[in-house]
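Trainee: With the sequence up front, the predicted model follows.
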Amino acid sequence: MTWNEIQFYPYIARPYVAETVGPSRLPRVLAVLGLFVLLLGVAAVLWTDVRVTVSDGGETRMVRTYCRSVGQLLAAQGITLGERDVVVPGPAARLAEGMEIRILRAKQVRILVDGTEVRTVSRVETVGQALEACGVRLGAQDIVYPLPASRLQKDTVIKVTRVEVRTERTGVPVPFRVRRVTSPHLFVGLSQVVREGEPGLDLQEWKVTYHDGRAVEREPGQRVRVKDPRDKVVMVGMKDVSRGGSVPRYSAVITMRATAYTYTGYTCATGVDPAPGIVAVDPAVIPLGTELYVEGYGYARAMDTGGVIKGNRIDVFFTTREVALQWGVRDVNVYVLE
């Protein structure tokens with residue numbers, strides 16, 4: 001091969017040497033590779049779906065979406081918000097895997113409590129939350145309808161019944177007994193009260209349940225005796241009324257308040273002079289001229305009246321002032337003889 005031939009084929013004659021990256025080009029290559037990896041990551045994020053939970057009006061569902069924000073998700077799902085509705089988190093919030101999205105719908109609520117009616121618009125989900133939002137505090141025994149855990153519906157009416165349980169005590173009279181004792185000093189058919197009876201007293205405890213101030217249930221509790229009753233004692237006569245060995249008949253027996261009087265210088269209302277056995281009566285109770293038997297005094301006749309002798313009153317005559325004072329005032333049985 002001649003020299004001219006060698007120059008005609010310069011490429012063949014030049015020896016091959018592999019090109020290498022010099023130190024000055026290495027940072028640029030690394031930057032390009034980093035940008036490429038970043039773009040791949042962004043693309044992966046943009047094209048990866050997320051799973052979120054959407055709660056709307058008590059209905060909860062799982063949604064897989066490629067949307068990036070809460071607002072985009074609502075639009076994609078055809079969910080519209082009313083003027084007073086609220087979504088949590090807000091429409092601008094970015095979606096994240098497992099996020100819970102709650103839509104709080106505004107509802108008209110009526111609360112009947114403590115004799116008043118409260119009207120409000122609430123975005124909470126349950127009856128209990130609505131009461132809390134309105135500042136209604138519940139007692140441990142208060143009744144709420146619907147139940148506090150119930151979900152609010154459109155135009156929900158909530159009724160709160162205040163419940164109060166009180167312990168009350170009332171006095172209960174205990175009746176007395178009547179004890180009868182026979183007496184040989186009283187005539188047959190007569191009776192005399194020796195001692196009036198007195199009722200006793202028990203203290204009864206009650207557990208009273210009130211609904212809104214009205215008693216709806218009374219449950220008896222402990223009963224304690226405070227005072228024992230006292231028996232009424234009645235003497236029953238066993239003595240026969242007799243005159244000359246015979247037993248006179250009488251038509252009535254009247255218990256009367258008896259006083260005593262003596263000579264006054266005046267004649268009786270019937271025109272006769274006062275004398276032993278003459279008694280003054282109220283003619284409206286015992287007619288004048290009626291024959292009587294007065295317990296502790298004896299046989300008598302109603303022949304006089306008196307200004308203070310009214311009703312079941314009788315005035316018996318004695319011949320001396322001393323004896324009249326000894327009689328004093330007493331209750332006696334007066335027999336109206338036939």
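Mentor: Looks like it arrived, so ask away. If you're wondering where the values come from, they're calculated on a predicted model, not measured in any experiment.

Trainee: neighbouring contacts of the helix or strand encompassing I254?
Mentor: Using DSSP states H and E, the element containing I254 is strand 250-261. Outside strand 250-261, the residues within contact range by Cβ atoms under 8 Å, 6 or more residues apart in numbering are 189-190, 241, 274, 280, 285-286, 293-294, 296-297, 306, 312-318, 323-325, 327-338. For every residue, glycine as well, the C-beta is placed using N, CA and C.

Trainee: In strands only, show me these.
Mentor: 280, 293-294, 313-317, 329-337 (DSSP state E).

Trainee: so where do the strands sit in the stretch 101-250 of the chain?
Mentor: 107-113, 116-122, 143-145, 156-161, 163-174, 178-187, 191-195, 200-211, 214-227, 232-239, 250-261 (DSSP state E, counting those that start in this stretch).

Trainee: and the angle for the last one with strand 329-337?
Mentor: With axes from the mean of the first three to the mean of the last three Cα atoms, to 10 degrees defining the directions, strand 250-261 sits at 150 degrees from strand 329-337.

Trainee: what angle sits between the strand holding I254 and strand 232-239?
Mentor: 110 degrees.

Trainee: Report the buried members of the contacts of strand 250-261.
Mentor: Buried subset of those (neighbour count, 16 or more other Cβ atoms under 10 Å): 190, 241, 274, 280, 285-286, 293-294, 297, 312-318, 324, 327, 332-337.

Trainee: What pLDDT is listed against G98?
Mentor: Looking at G98, its pLDDT reads 90.

Trainee: Would you mind confirming that it is in contact with V52?
Mentor: Yes: assessed by Cβ atoms under 8 Å, G98 is found in contact with V52 at 7.2 Å.

Trainee: So which of the two has more stuff around it?
Mentor: Neighbour count, other Cβ atoms under 10 Å: between G98 and V52, V52 has more, with 20 against 9.

Trainee: secondary structure element for that one?
Mentor: Judged by DSSP H and E, V52 forms part of strand 50-56.

Trainee: Buried residues, that strand. List them.
Mentor: For strand 50-56, burial by neighbour count (16+ other Cβ under 10 Å) applies to 50, 52, 54, 56.

Trainee: what comes up buried for stretch 174-181?
Mentor: F176.

Trainee: and the end-to-end length of that stretch?
Mentor: End-to-end distance of stretch 174-181 (Cα to Cα, to the nearest Å): 22 Å.

Trainee: do the same with stretch 312-321
Mentor: OK, stretch 312-321 end separation, Cα to Cα: 23 Å.

Trainee: Centre of the chain to that stretch, how far?
Mentor: How far stretch 312-321 lies from its chain's middle: 64 Å, per Cα atoms, centre = their mean, to the nearest Å.

Trainee: Need the residues that contact that stretch.
Mentor: With Cβ under 8 Å, 6+ apart as the test, stretch 312-321 has contacts from 254-263, 274-282, 285-286, 294, 297, 300, 304, 306, 309, 324, 327, 332, 334.

Trainee: Name the nearest residue to V113, sequence neighbours excluded.
Mentor: Leaving aside its chain neighbours, V113 sits nearest to V160 (4.0 Å; criterion: Cβ to Cβ, 6 or more residues apart in numbering).

Trainee: Based on its surroundings, how many neighbours for the one you found?
Mentor: Neighbours around V160, by other Cβ under 10 Å: 21.

Trainee: Was I right to think it contacts D142?
Mentor: Yes: contact status for V160 versus D142: in contact at 6.2 Å, counting by Cβ under 8 Å.

Trainee: what touches both of those two?
Mentor: In contact with both V160 and D142: no residue, using Cβ under 8 Å, 6+ apart.

Trainee: distance of R137 from E83?
Mentor: As judged by Cβ to Cβ, to the nearest Å, R137 and E83 stand 30 Å apart.

Trainee: Among these two, which residue is more densely surrounded?
Mentor: It is R137, of R137 and E83, that has more neighbours when counted by other Cβ under 10 Å, with 9 against 5.

Trainee: Now do the more buried one, the pLDDT please.
Mentor: We have a pLDDT of 94 for R137.

Trainee: Now it. Its backbone dihedrals?
Mentor: R137 adopts backbone torsions of phi -90, psi 140, taken as degrees, to the nearest 10.

Trainee: so how far is V52 from it?
Mentor: The gap separating R137 from V52 is 36 Å, by Cβ to Cβ.

Trainee: same question, D304
Mentor: Applying Cβ to Cβ, the value for D304 to V52 is 115 Å.

Trainee: Also R162?
Mentor: Here the criterion is Cβ to Cβ. By it, R162 lies 43 Å from V52.
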